[in-house]
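A.B. asks: Just the structure for this:
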Amino acid sequence: MRKFILAVLALVLLTGCGSSELPAPPPVPAKSEVVLYSSMQEKQLDAIKEGFEAKYPDITLIYQFGGTGKILTKLNTEAQFGDIRADVIWAGNPSCYITLKENRLLNPYISPEAENIDPLFKDSEYYYVGGRISSAVFAYNSELVNESEVPRRWNDLLNPKWKDKIIMADPYSSGSSSYIVSALMQNPDYGPEFFEKLRANGCMLESGTTSAHKQVAEGSYALCIGLDYVVSNFIDEGWPLAMKYPETDGIPIYCPIGLVAGGPNEVNGKLLYDYILSKEGQALLEENHLVSIRNDISQTAPSVAERMETGMNISIPDICRNENKYLKDFDRIFFSEP
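C.D. replies: Predicted coordinates for the structure are as follows:
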């Protein structure tokens with residue numbers, strides 16, 4: 001099964017790693033729809049859907065929710081058979097957008113809302129732009145772990161006290177987990193050796209991001225390598241989950257949106273793209289535990305600037321070029337016979 005997943009991932013990444021302003025979109029047709037493929041949590045997607053449909057009552061927003069690997073495979077399969085159904089894609093791994101662009105699965109679009117976003121989070125040719133930001137955290141069960149003993153740095157996860165008590169999302173199904181793994185793999189202070197030690201310390205894998213957090217919330221594990229906004233969703237639901245940001249080498253993840261080439265509702269796709277990046281759309285994200293990517297909105301702490309200041313030096317083009325290699329190394333470490 002994992003060989004099949006590796007083959008699919010290799011296909012997706014195989015080819016990866018001048019703009020001009022587009023004309024104004026024509027009027028929106030009555031009683032139409034727009035389709036969004038996203039790996040974001042459904043709570044946040046429901047908030048975007050409700051806000052967008054309130055602003056455009058004649059457009060129905062349909063979203064397909066799944067891990068980044070799942071939605072990328074779905075989009076690539078549709079493209080292969082000439083049956084694109086998505087209008088906008090909003091995935092959790094920024095490196096995959098380089099591949100999507102090179103595979104001609106995105107159309108360039110200069111959104112008027114993008115001028116309020118730092119160039120660091122924008123493709124220079126307008127094929128994608130950051131739509132939100134989240135960060136890797138050490139998520140823990142607050143009934144099992146005292147705040148004072150929670151890991152503060154990545155190497156703290158290697159402490160024998162956490163033997164067989166750590167879980168993380170499988171990077172083959174979770175785009176955010178794949179990005180985190182790749183960021184640590186490319187860093188000479190960590191690399192494969194870090195994951196060899198993490199595996200030796202009994203770290204286990206779960207199929208997806210949400211389910212990894214739930215294992216900790218239910219007390220099956222003490223800790224997980226998690227995402228801040230997912231932890232906040234669990235806290236809202238009353239689960240005994242808490243989190244700590246790494247004090248050094250943080251891993252902020254800006255998650256771009258892109259206009260899908262050949263999407264059936266291009267006009268509506270542009271409207272959704274603009275709405276997600278607008279003050280109104282970004283304010284909805286702030287209200288639902290995500291940090292706005294805009295520079296003109298008061299942001300939840302830690303802000304984008306604070307996350308980048310304490311963040312690891314990450315090369316996204318390197319992740320695009322070498323993600324398959326990094327994940328093969330990860331696979332060897334976690335699944336090879338002893």
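
A.B. asks: Now do the strand ranked longest in the chain: distance to the chain's middle.
C.D. replies: In the chain, taking DSSP state E as the definition, the longest strand is strand 129-141. Centroid displacement of strand 129-141 relative to its chain, using C-alpha atoms, centre = their mean, to the nearest Å, is 8 Å.

A.B. asks: Which parts of the stretch 1-150 of the chain are helices?
C.D. replies: Along the stretch 1-150 of the chain, the segments classed as helices by DSSP state H, counting those that start in this stretch run 2-13, 42-55, 68-80, 96-102.

A.B. asks: mind listing what's buried in the third one?
C.D. replies: Applying a neighbour-count criterion of 16 or more other C-beta atoms under 10 Å, one finds 68-76, 78-79 buried in helix 68-80. C-beta coordinates here come from the backbone N, C-alpha and C atoms, glycine included.

A.B. asks: Stretch 247-265 now?
C.D. replies: For stretch 247-265, the neighbour count (16+ other C-beta under 10 Å) marks 249-265 as buried.

A.B. asks: From the residues you listed, which land in strands?
C.D. replies: Judged by DSSP E, the subset of the buried residues of stretch 247-265 located in strands is 252-260.

A.B. asks: Quickly name whichever of the residues you listed is closest to residue 224.
C.D. replies: Distance to residue 224, by C-beta to C-beta, is smallest for residue 253 among those, at 15.8 Å.

A.B. asks: can you pull the contacts of the residue nearest to the spatial centre of the chain?
C.D. replies: Centroid check for the chain by C-alpha atoms, centre = their mean gives residue 92 as the closest residue, at 1.7 Å. Neighbour list for residue 92: 39-40, 67-68, 174-176, 179, 253, 255 [criterion: C-beta atoms under 8 Å, 6 or more residues apart in numbering].

A.B. asks: same question, residue 174
C.D. replies: Residues in contact with residue 174 (C-beta under 8 Å, 6+ apart) are 39, 67-69, 92, 208-209.

A.B. asks: same question, residue 161
C.D. replies: Neighbouring residues of residue 161 by C-beta under 8 Å, 6+ apart: residue 149.

A.B. asks: before we move on, what about residue 222?
C.D. replies: Contacts for residue 222 were tallied using C-beta under 8 Å, 6+ apart; they are 140-141, 144-145, 162, 165-166, 216.

A.B. asks: Pretty sure residue 192 sits in a strand.
C.D. replies: No. Counting by DSSP: H, G, I helix; E, B strand; the rest coil, residue 192 is not part of a strand but helix.

A.B. asks: correct me, but it touches residue 334?
C.D. replies: No. Applying C-beta atoms under 8 Å as the test, residue 192 and residue 334 come out as separate, 11.1 Å apart.

A.B. asks: Give me the more crowded residue out of the two.
C.D. replies: Counted by other C-beta atoms under 10 Å, residue 192 and residue 334 do not tie: residue 334 has more neighbours, with 18 against 14.

A.B. asks: Just the element for that one, please.
C.D. replies: Residue 334 belongs to helix 316-335 when elements are defined using DSSP states H and E.

A.B. asks: Would you mark the buried spots in that helix?
C.D. replies: Using 16+ other C-beta under 10 Å as the test for burial, helix 316-335 gives 316, 318-324, 326-327, 329-331, 333-334.

A.B. asks: dump the residue contacts of the nearest residue to residue 44 once chain neighbours are set aside.
C.D. replies: With C-beta to C-beta, 6 or more residues apart in numbering as the criterion, residue 44 has its nearest non-adjacent residue at 4.8 Å, and that residue is residue 288. Taking C-beta under 8 Å, 6+ apart as the criterion, residue 288 is in contact with 43-44, 47, 229.

A.B. asks: what do you get for residue 94?
C.D. replies: Listed by C-beta under 8 Å, 6+ apart, the contact set of residue 94 reads 130, 179, 253-256, 316.

A.B. asks: Export those residues as TSV, with columns for pLDDT and distance to residue 51.
C.D. replies: Below are the contacts of residue 94 laid out as TSV (pLDDT from 0 to 100; distance: C-beta to C-beta, whole Å):
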residue	pLDDT	distance to residue 51
130	95	19
179	96	27
253	94	23
254	92	21
255	93	18
256	96	20
316	95	29
